[in-house]
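[1] Got a sequence here, can you model it:
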Amino acid sequence: MAVSARSAELEAAIVADPDDASAYLVYADWLQARGDPRGELVVVQHALETAQGPEWAKLRIRERELLTEHGEHLLGPVAAPRYWRNFDWRRGFVDRMHAAFVLDEGEQLIAHPSLAFVRAVSNVEFPPIREAAPPLLNELAIEYEAPRRVLTQPRLRHLASTNHAWASGVAQAHDLANLETSSLETLAFRGDLELLQDLSSCPFPNLRVLRTACYDEEDIDEVLAFLLSTPHAELDLRLCAAEASTRLAMLDDVQARRRIHALRLDDTDLGTLQRLRTQLRRLELLELSGIRDRAAAIIAELPVAPRLAHLVLEDELSDPEAVAALVMSPYAATLRTLTLRIRDRVAMAGLSRGCFAALRVLDIDWQDLAPSDAAALSDAFPSVEEVIVDDFRLSTISDCPLASSVQTLTIQTSGGAMSVDRWFTREIEKFRSLRVLRLTGGPVLTPAAFETLAGLRVTVELAPNVPPLTSEV
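    Numbers count the residues shown, from 1 in each chain. As a prediction, this is how the structure comes out:
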């Protein structure tokens, strides 16, 4: 196994200015002089930040070789390739990570040199994080119970509690006082009423997004009290309550309604939407699920929201009347992103009767799309710049005239081996205006695949495996 080397002085220089590439490169020279393969990994990953074409492919292949050959040195007890999707690297060190799968070895991993500059950790217990105190940690999703003092971490900007309980015991007064200078910008939680009761009188000067779910009226009361105590925060709200009266208790509060930035409704009912007709001044994203049997009526009752730009319809639209309602909606002319699940050809063809003139990002399930349907969709979406498609439906959209105007193509993979061959190249070349090809889902790419991708006249991006907490907003 390679020799492991660390320099507290050089790491301190990186912590002082994490965006300064020169500090990493100085450390890389120091590491290489001592036989530590991390030094070369730093150099390779730094070069990848600007490399293109054949040079990009060469570096990607070398990066994979280093991670494979020196995996145990670079990741300790979780070096197996099957775990690679749980890590995103930056300049030789782990930048983002999922930790749920290594809870048994958590203390070993969290103190590993590779995590010296980790900035985001999700699904982890708090104690090993507290012990290691990663100096650059600014995004944390906590699994299981955690003490309230996690909120006082000095660099923390985004925090999520992913369970339904907050650890017992009231936070110390001096801990809560520290929240007056908190850097927290996003706070996400699920049913942590004790947390809100503790914090409703503590100002968060930088809090901008409060993301939560409401299940009953007690949740609603606490969320409202906390929201009104943080004057700069907008609300990203998921309403999960089964009782319509509980939903309306939240939506009837005018001050709260005016602060809703994103609204996600489970088992959407017509009465709730009708109550939302006005005063959603800040609403930018609306996500509806559970609408399958009432889709036409519900879409016809979309609320009046002058800023609404993102619409997500989770259920498959098989009713042509529902598609017609969407086409006739006033938002058809103003939406910038649209997520739909349409597999019925008749319903799909119904989209062509409208014009989504402002739409830039389109995510549709393209199953069984006939050429005639595809041609009609091109007229319905004249300004689309990005299309999101599953890898096994690539040919469906590539043969569509809409492909000629697409500038960014996002291909979602299942995380397995992705076939990047001559057929793939031919399909990509049909996107004549394409500038960026983005691959998501942690595809497994062979050296030959990297070389093929490098031959495309586009910028190839491998999306992070670990999504940021703020990605939904």
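[2] Which residue ranges of the stretch 301-450 of the chain form helices?
    Here the stretch 301-450 of the chain has its helices, by DSSP state H, counting those that start in this stretch, at 320-328, 345-350, 371-380, 394-398, 422-429, 447-454.
[3] Make CSV from those and add mean neighbour count to it.
    C-betas here are computed from N, CA, C, even on glycine. As requested, the helices of the stretch 301-450 of the chain are exported to CSV (neighbours: other Cβ atoms under 10 Å):
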stretch, mean neighbour count
helix 320-328, 20
helix 345-350, 19
helix 371-380, 17
helix 394-398, 20
helix 422-429, 14
helix 447-454, 18
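[4] how much space between the closest residue to residue 161 other than its chain neighbours and residue 159?
    Of all residues not flanking residue 161 in the chain, residue 189 sits nearest, at 4.3 Å (Cβ to Cβ, 6 or more residues apart in numbering). Distance, residue 189 to residue 159, using Cβ to Cβ, to the nearest Å: 8 Å.
[5] Mind listing what's buried along whichever strand or helix holds residue 223?
    Per DSSP states H and E: residue 223 is located in helix 217-229. Going by neighbour count (16 or more other Cβ atoms under 10 Å), the buried part of helix 217-229 is 219, 220, 221, 222, 223, 224, 226, 227, 229.
[6] Where is pLDDT lowest across those?
    Least confident entry in these, by pLDDT: residue 219, with 70.
[7] Show me what the helix holding residue 223 is packed against.
    Helices and strands touching helix 217-229, by 3 or more Cβ pairs under 8 Å, 6 or more residues apart in numbering; DSSP states H and E, are helix 193-199, strand 209-214, strand 234-239, helix 244-251, helix 254-257.
[8] Contacts for the helix or strand following the shortest one next, please.
    Where DSSP H and E defines the elements, the next helix or strand beyond helix 254-257 is strand 260-265. Strand 260-265 is contacted by residues 209, 211, 234-239, 247, 272-273, 276, 280, 282-290, 472-473 when judged by Cβ atoms under 8 Å, 6 or more residues apart in numbering.
[9] ok, of those, which come out buried?
    Judged by 16+ other Cβ under 10 Å, buried ones among the contacts of strand 260-265: 209, 211, 234-239, 247, 272-273, 276, 280, 282-288, 473.
[10] circling back: identify whichever of the helices of the stretch 301-450 of the chain lies nearest to residue 126.
    Closest approach to residue 126 among these is made by helix 447-454 (38.4 Å; Cβ to Cβ).
[11] Return the angle between stretch directions for that closest one and helix 422-429.
    With axes from the mean of the first three to the mean of the last three Cα atoms, to 10 degrees applied, the angle from helix 447-454 to helix 422-429 works out at 20 degrees.
[12] How many neighbouring residues does residue 274 have?
    11 (other Cβ atoms under 10 Å).
[13] contacting residues for it?
    Here residue 274 is in contact with residue 301 (Cβ under 8 Å, 6+ apart).
[14] tell me which element it falls in.
    helix 270-275.
[15] so after that helix, what's the next helix or strand?
    Beyond helix 270-275 in the direction of the C-terminus, DSSP H and E gives the next helix or strand as strand 285-288.
[16] Tell me the helix or strand right after that next one.
    Criterion used, DSSP H and E; the element after strand 285-288 is helix 295-300.
[17] buried ones in that following helix?
    By neighbour count with 16+ other Cβ under 10 Å, helix 295-300 contains the buried residues 295, 296, 298, 299, 300.
[18] One more: stretch 11-28?
    So stretch 11-28, judged by 16+ other Cβ under 10 Å, has buried residues 11, 13, 14, 23, 24, 25, 26, 27, 28.
[19] starting at the chain centroid, how far to it?
    On the basis of Cα atoms, centre = their mean, to the nearest Å, stretch 11-28 sits 27 Å off its chain's mean C-alpha point.
[20] Extract the C-alpha set from that stretch and format it as PDB.
    Extracted C-alpha coordinates of stretch 11-28, given in PDB (Å, rounded to 0.1, in the frame of the first residue of the first chain):
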ATOM      1  CA  GLU A  11      -4.000  21.800   4.600                       C
ATOM      2  CA  ALA A  12      -4.500  25.000   6.600                       C
ATOM      3  CA  ALA A  13      -3.500  27.000   3.500                       C
ATOM      4  CA  ILE A  14      -6.300  25.300   1.500                       C
ATOM      5  CA  VAL A  15      -8.800  25.800   4.300                       C
ATOM      6  CA  ALA A  16      -7.900  29.500   4.400                       C
ATOM      7  CA  ASP A  17      -8.900  29.800   0.700                       C
ATOM      8  CA  PRO A  18     -10.600  26.700  -0.700                       C
ATOM      9  CA  ASP A  19     -11.000  28.200  -4.200                       C
ATOM     10  CA  ASP A  20      -7.300  28.800  -4.600                       C
ATOM     11  CA  ALA A  21      -6.100  26.100  -6.900                       C
ATOM     12  CA  SER A  22      -2.400  26.900  -6.300                       C
ATOM     13  CA  ALA A  23      -2.700  25.800  -2.700                       C
ATOM     14  CA  TYR A  24      -3.800  22.400  -3.900                       C
ATOM     15  CA  LEU A  25      -1.000  22.100  -6.400                       C
ATOM     16  CA  VAL A  26       1.600  23.000  -3.800                       C
ATOM     17  CA  TYR A  27       0.200  20.200  -1.600                       C
ATOM     18  CA  ALA A  28       0.200  17.900  -4.700                       C
END
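[21] Can you list the low-confidence ranges for the stretch 301-450 of the chain?
    Applying pLDDT under 70 to the stretch 301-450 of the chain picks out residues 344-346, 366-376, 415-417.
[22] which residues in it form strands?
    Per DSSP state E, counting those that start in this stretch, the stretch 301-450 of the chain carries strands over the ranges 310-316, 337-341, 361-364, 386-390, 408-412, 436-440.
[23] Throw the ones you listed into TSV and include mean neighbour count and distance to residue 62, thanks.
    Formatted as TSV, the strands of the stretch 301-450 of the chain follow (neighbours: other Cβ atoms under 10 Å; distance: least, Cβ to Cβ, whole Å):
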stretch	mean neighbour count	distance to residue 62
strand 310-316	19	39
strand 337-341	18	36
strand 361-364	20	34
strand 386-390	20	30
strand 408-412	21	24
strand 436-440	18	19
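[24] quick one on the thing from earlier: for the buried residues of helix 217-229, which one is nearest residue 6?
    Of the buried residues of helix 217-229, the one sitting nearest to residue 6 (Cβ to Cβ) turns out to be residue 226, at 42.0 Å.
[25] From what I see, that closest one and residue 207 are in contact.
    No: using Cβ atoms under 8 Å as the test, residue 226 is too far from residue 207 to be in contact (9.8 Å).
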